[in-house]
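generate a structure from the sequence data that follows.
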Amino acid sequence: MISITTSNHKKVYFASDQHLGAPTMEASLPREKKFVAWLESIKNDTEAIFLLGDLFDFWFEYKKVVPKGFTRVLGKLAEISDSGIPIYFFVGNHDLWMKDYFEKELNIAVFHQPQEFLINQKKFLIGHGDGLGPGDIGYKRMKKVFTFPPFKWMFRWLHPDLGVKLGQYMSVKNKLISGEEDFKFLGAENEWLVQYCKKKLQENHYDYFVFGHRHLALEIKLTENSTYYNLGDWIQYYTFGVFEETRFSLSKFN
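Here you go, the predicted structure:
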């Protein structure tokens, strides 16, 4: 378990689901600039930054090639990382084919599964959130295919011009990947991530569960001492999480 202790009244920030590149690179450019402006605005008072997946709408790392674009956000992340601020990245369902580019080029830790963190002595379980809990059977089957090593090996043999174009098209058009039909709140009892968190509480205590994926800014009390948060997105809401001293809250970047 990674332990973080904030100093000098600094904060820990959380954001997810920027989906840069969707529906086109041109259309997402204003959102990229806005996200970069947010990173610039927080860099002087942050102890650590957590990015909880789907930073890109499609991402695939060939051995020598990564998708074109995203210069502004990658440059800003490199600047922040180089300044000594740790950044933790959790792959989402749109960038699950991430390998070691972030680790080698940007010195950003990359996680493929939810992880436990101890921040100011508060216990967190943090992840993107896709495929957790009951339901979502179609996506879970698709994820097994996408993460199957022979499938990734075969996809890598596609020329990047073809592979990236195909991946971008599927990310936008395939509802199992994009999840567009699921971005509605139908009550805490119908939230798969809430059910997942409640099950995890039967095994261990967590003060905070923090996830993305749902594109909805949510704060749901699980027990007297445990709360589930979803971070929303940077497509409609521009919401993010802040942990200061021992308190977690959701906020919006205007």
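
just for this structure, where's the confidence low?
Applying pLDDT under 70 to the chain picks out residues 136-146, 148, 151, 155, 163, 166, 169-170, 172-182.

please enumerate residues in contact with the longest helix anywhere in it?
Looking across the chain with DSSP state H, the single longest helix is helix 25-42. Identification of contacts with helix 25-42 by C-beta atoms under 8 Å, 6 or more residues apart in numbering yields 11, 13, 15, 18-22, 49, 57, 69-70, 72-73, 76-77, 80, 234-235, 238, 240, 253. For glycine as for every other residue, the C-beta is placed from the backbone atoms N, C-alpha and C.

now do the contacts for the nearest residue to residue 244 once chain neighbours are set aside.
Nearest-residue entry for residue 244: residue 11, 4.7 Å, with adjacent residues in sequence omitted and distances by C-beta to C-beta, 6 or more residues apart in numbering. Residues near residue 11 by C-beta under 8 Å, 6+ apart: 42, 45-47, 242-244.

most neighbours among the residues you listed, which one?
Within those, neighbour counts (other C-beta atoms under 10 Å) peak at residue 243, which reaches 24 neighbours.

among the contacts of residue 11, name the ones in strands.
46-47, 242-244 (DSSP state E).

redo these as CSV? Include distance to residue 190.
CSV is the format used below for the ones in strands among the contacts of residue 11 (distance: C-beta to C-beta, whole Å):
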residue, distance to residue 190
46, 34
47, 35
242, 27
243, 27
244, 31
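
ok, of those residues, which one's closest to residue 61?
Relative to residue 61, the closest of these is residue 46; by C-beta to C-beta it sits at 26.8 Å.

might you report the residue contacts of the closest one?
10-13, 85.
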